[in-house]
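1. Would you be able to build a 3D model of this:
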Amino acid sequence: MDTHNLCMPLESRKRAIRRLAIAKGHLESIQRMLEDPHVYCVDVLRQIKAVQGALDGAGEVVLRGHLEAHVATAAARGDASEMVDEVMEAIRLH
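-> Numbering: from 1, shown residues only. This next block holds a predicted model:
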């Protein structure tokens with residue numbers, strides 16, 4: 001089965017885009033902070049943590065959208081095992 005034809009639900013896309021925009025804003029803030037020789041290191045670390053949180057949130061939105069739209073219907077399509085393997089590979093901790 002060609003899983004590339006399956007698409008993420010629009011609402012999930014919108015939420016993921018919003019979270020990525022937040023991450024981008026935090027990242028740009030970090031870059032500006034590092035240009036200031038008087039910036040406090042802990043403030044930079046807090047902003048880095050905010051970027052990581054926003055990226056994690058975007059990942060959760062994409063994962064939930066994929067699970068709801070594709071994995072939940074995989075048994076009916078006959079590709080449940082492949083879908084589970086694909087998700088496990090995508091979320092594997094390295």
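2. mind listing what Ala74 touches?
-> Applying CB atoms under 8 Å, 6 or more residues apart in numbering, we find Ala74 in contact with 80, 82-84. Where you see a C-beta, it was placed from the backbone N, CA and C, and this is true even at glycine.
3. where do the helices sit along the protein?
-> Per DSSP state H, the chain carries helices over the ranges 10-35, 41-66, 74-77, 80-91.
4. which regions of the chain sit below the pLDDT cut-off?
-> When the per-residue scores of the chain are filtered using pLDDT under 70, the ranges that remain are 1-6, 93-94.
5. So which residue is smack in the middle of it?
-> Taking CA atoms, centre = their mean, the centroid of the chain lies closest to Gly59, which sits 2.1 Å from it.
6. Would you mind measuring from it to Ser81?
-> Distance, Gly59 to Ser81, using CB to CB, to the nearest Å: 23 Å.
7. What of Leu27?
-> In this structure, Leu27 lies at 38 Å from Ser81, with CB to CB as the measure.
8. higher neighbour count, the two?
-> When Leu27 is set against Ser81 and neighbours are counted by other CB atoms under 10 Å, the residue ahead is Leu27, at 16 against 10.
9. Pretty sure the more buried one sits against Ala50.
-> No - at 9.2 Å, Leu27 does not count as touching Ala50 under the criterion of CB atoms under 8 Å.
10. From the structure, what's the count of residues near the nearest residue to Ala54 once chain neighbours are set aside?
-> If you skip the residues right next to it in sequence, Ala54 has Ala23 as its closest partner in space, 3.6 Å away by CB to CB, 6 or more residues apart in numbering. Neighbouring residues of Ala23 were enumerated by other CB under 10 Å; the total is 19.
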